[in-house]
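In: From the sequence below, what's the structure:
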Amino acid sequence: MNLWFRVLWLFLSSPFRARIEPPFGVSRLKFRVWPLDLDTNLHLNNGRYLTIADLGRADLLTQTGLWRQVLKEGLLPMLSGSAIRYRRELKPFQAFTLESRIVCWRATTFVMEHRFVTRNAAGEPFTAAIALVRGGLYSKKHRQFVPAARLVEMAGYSGPSPAFEPEVEAFLSVEDGLKRR
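Out: Sure, this is the predicted structure:
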């Protein structure tokens with residue numbers, strides 16, 4: 001149930017947060033690990049990481065101004081794959097920041113990164129988990145994914161996608177292989 005409160009808070013606080021410069025701005029959302037987020041090991045449940053990452057992508061849409069156009073055109077955000085690396089556990093009541101950004105795009109696919117950043121014992125920022133997700137916006141009306149170039153143009157950017165880093169190419173290669181299976 002606490003995720004619904006987080007969703008509500010995200011949308012209610014949206015007008016009061018800084019705008020994110022599309023497409024390369026970073027969404028930063030502050031969270032805390034609540035008891036309903038825990039698994040039997042008493043740390044943040046592995047599935048909850050990806051659920052919280054959904055909020056980062058929603059924040060990117062709202063804070064870049066794309067949300068209105070997405071609603072107007074009846075577009076649905078959809079993921080086709082994800083990979084996550086857990087580095088350190090997030091314990092009960094521990095504060096963390098979700099940093100979300102678009103890494104690159106091609107055809108109808110965006111690759112986004114989500115970092116779960118907390119503080120180490122010395123108080124320095126530390127990445128507890130990092131995820132790459134692949135997705136796009138699906139048009140119900142046209143029954144197909146919208147070209148990524150069109151979406152970034154809607155956000156006010158007409159330049160090319162950044163280069164695909166080797167780990168992103170490897171991630172997409174695995175995703176494509178699983179798709180063929």
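
In: Show me the shaky parts of this protein.
Out: Applying pLDDT under 70 to the chain flags residues 1-2.

In: One more pass at 50, please.
Out: Counting by pLDDT under 50, the ranges of the chain that qualify are 1.

In: so where do the helices sit in it?
Out: With DSSP state H as the criterion, the chain has helices at 2-13, 46-64, 66-72, 148-154, 166-180.

In: Out of the ones you listed, flag the one nearest residue 25.
Out: Nearest of the helices of the chain to residue 25, taken as CB to CB: helix 46-64 at 6.8 Å. Where you see a C-beta, it was placed from the backbone N, CA and C, and this is true even at glycine.

In: what's the angle from the closest one to helix 2-13?
Out: 10 degrees (axes from the mean of the first three to the mean of the last three CA atoms, to 10 degrees).

In: What is the neighbour count of residue 68?
Out: 11 (other CB atoms under 10 Å).

In: can you check residue 18 too?
Out: Neighbour count for residue 18, taken as other CB under 10 Å: 9.

In: Which residue lies nearest the spatial centre of the protein?
Out: Compute the mean C-alpha point of the chain, and by CA atoms, centre = their mean the closest residue is residue 57, 3.8 Å away.

In: any idea how far residue 110 is from it?
Out: To residue 110, residue 57 is 9 Å away according to CB to CB, to the nearest Å.

In: Quick check: neighbours shared by these two?
Out: By CB atoms under 8 Å, 6 or more residues apart in numbering, residue 57 and residue 110 have these common neighbours: residue 135.

In: Pretty sure residue 92 sits against residue 33.
Out: Yes: with contact defined as CB atoms under 8 Å, residue 92 counts as touching residue 33 (5.6 Å).

In: more crowded one of these two?
Out: residue 33 (22 against 13).

In: Which phi and psi values does the more buried one adopt?
Out: phi -80, psi 120 (degrees, to the nearest 10).

In: how far away is it from residue 49?
Out: For residue 33, the distance to residue 49 - CB to CB - is 11 Å.

In: ditto for residue 20
Out: 21 Å.

In: ok so, going back, rebuild the helices of the chain as a markdown table, extending it with distance to residue 115.
Out: Compiled in a markdown table, the helices of the chain are given as follows (distance: least, CB to CB, whole Å):
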| stretch | distance to residue 115 |
| --- | --- |
| helix 2-13 | 18 |
| helix 46-64 | 9 |
| helix 66-72 | 21 |
| helix 148-154 | 21 |
| helix 166-180 | 14 |
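
In: closest one to residue 103 among these?
Out: Comparing these under CB to CB, the one sitting nearest is helix 166-180, at 6.1 Å.
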